[in-house]
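J.: 3D, please:
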Amino acid sequence: KNQVAAPPELHARILKRVEECFLRFQGLVDTPIPTDAVPTDQMLVFFSGSTTAGYVHPKRFGNRVFLNLTLVQENEAEFMRETIPHEVAHIFQMHINERSPSHGTLWKRLMRQFGVKPQRCHRYDTTRATKNKMTYKYLCNCRVHRVSVIIHNKMVKGQKRHCKLCKKTIYLGSDKGLSL
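T.: Residues are numbered from 1 along each chain as shown. Got it, this is the predicted structure:
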């Protein structure tokens with residue numbers, strides 16, 4: 001994913017929330033998490049060109065939190081309330097038991113203890129967050145999905161795809177469905 005710089009004020013607000021979440025989770029668990037694994041000024045990384053809201057990978061990147069700058073700018077309050085705790089919970093979940101599933105029982109328990117509903121996927125509008133490329137509009141019971149030409153061609157040949165939220169099979173949204 002393409003790393004990008006955030007406006008300094010936004011970066012400072014988001015970093016403060018990451019640190020708050022880290023300290024709060026630290027108080028919820030028995031297993032101390034090393035805080036010196038990543039210097040504070042490198043704890044937060046922004047990226048662009050993706051529909052992913054955020055991710056962490058402690059084994060590979062230390063305790064860094066990666067966030068989609070476009071989605072943060074468009075949904076800052078929701079990021080503060082849900083996405084940042086979601087990603088920090090993953091750091092703790094992986095340090096406590098690296099074999100536990102990403103969105104499994106341990107992660108859900110941490111999220112509930114933190115006071116946030118454990119949800120695997122975000123519902124942000126990702127229209128402006130993605131690169132300008134050809135996509136097909138597919139639908140399910142709960143939202144619009146943008147599908148690449150490659151995935152669309154596989155689906156035309158019979159491959160099924162399901163929404164991660166409502167679990168229903170997605171289907172082509174219109175006759176052409178193609179958009180930029």
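
J.: For the nearest residue to residue 149 once chain neighbours are set aside, give its distance to residue 155.
T.: Take residue 149 and drop its neighbours on the chain: the residue closest to it by Cβ to Cβ, 6 or more residues apart in numbering is residue 134, 5.4 Å away. Quick note: C-beta positions are derived from backbone N, CA and C, even for glycine. Distance of residue 134 to residue 155, given as Cβ to Cβ, to the nearest Å: 15 Å.

J.: out of the two, which sits in the busier spot?
T.: A direct count of neighbours by other Cβ atoms under 10 Å for residue 134 and residue 155 places residue 155 higher, at 18 against 11.

J.: so the more buried one touches residue 169, yeah?
T.: No: Residue 155 is beyond contact range of residue 169, at 9.7 Å (criterion: Cβ atoms under 8 Å).

J.: Could you tell me which residues touch both of these two?
T.: Residues touching both residue 155 and residue 169 (Cβ atoms under 8 Å, 6 or more residues apart in numbering) are residue 161.

J.: Just the helices from this protein, written as ranges.
T.: Counting by DSSP state H, one finds helices in the chain at the ranges 8-28, 58-61, 69-74, 76-78, 84-96, 105-114, 149-156.

J.: For residue 51, which of the ones you listed is the nearest?
T.: When the helices of the chain are compared by Cβ to Cβ, helix 69-74 sits nearest residue 51, at 8.3 Å.

J.: Show me what the closest one is packed against.
T.: The contact analysis (3 or more Cβ pairs under 8 Å, 6 or more residues apart in numbering; DSSP states H and E) places helix 69-74 against helix 8-28, strand 44-48.

J.: what about 10 Å?
T.: strand 2-4, helix 8-28, strand 44-48 (3 or more Cβ pairs under 10 Å, 6 or more residues apart in numbering; DSSP states H and E).

J.: among those, which is the most enclosed?
T.: Sort the helices and strands packed on helix 69-74 by mean neighbour count, taking mean count of other Cβ atoms under 10 Å, and strand 44-48 sits at the top with a mean of 19.

J.: by contact count, what packs against it?
T.: By 3+ Cβ pairs under 10 Å, 6+ apart, strand 44-48 packs against strand 2-4, helix 8-28, strand 54-55, strand 65-68, helix 69-74.

J.: doesn't residue 97 make contact with residue 106?
T.: Yes: between residue 106 and residue 97 there is a contact under Cβ atoms under 10 Å: 5.9 Å.

J.: So for these two, which sits in the more crowded spot?
T.: For residue 106 versus residue 97, the count of surrounding residues by other Cβ under 10 Å is larger for residue 106: 18 against 14.

J.: Let me know whether residue 18 touches residue 63 as I believe.
T.: Yes: applying Cβ under 10 Å as the test, residue 18 and residue 63 come out as touching, 9.4 Å apart.

J.: and for those two, which residues touch both?
T.: Common contact partners of residue 18 and residue 63 (Cβ atoms under 10 Å, 6 or more residues apart in numbering): 43, 88, 91.
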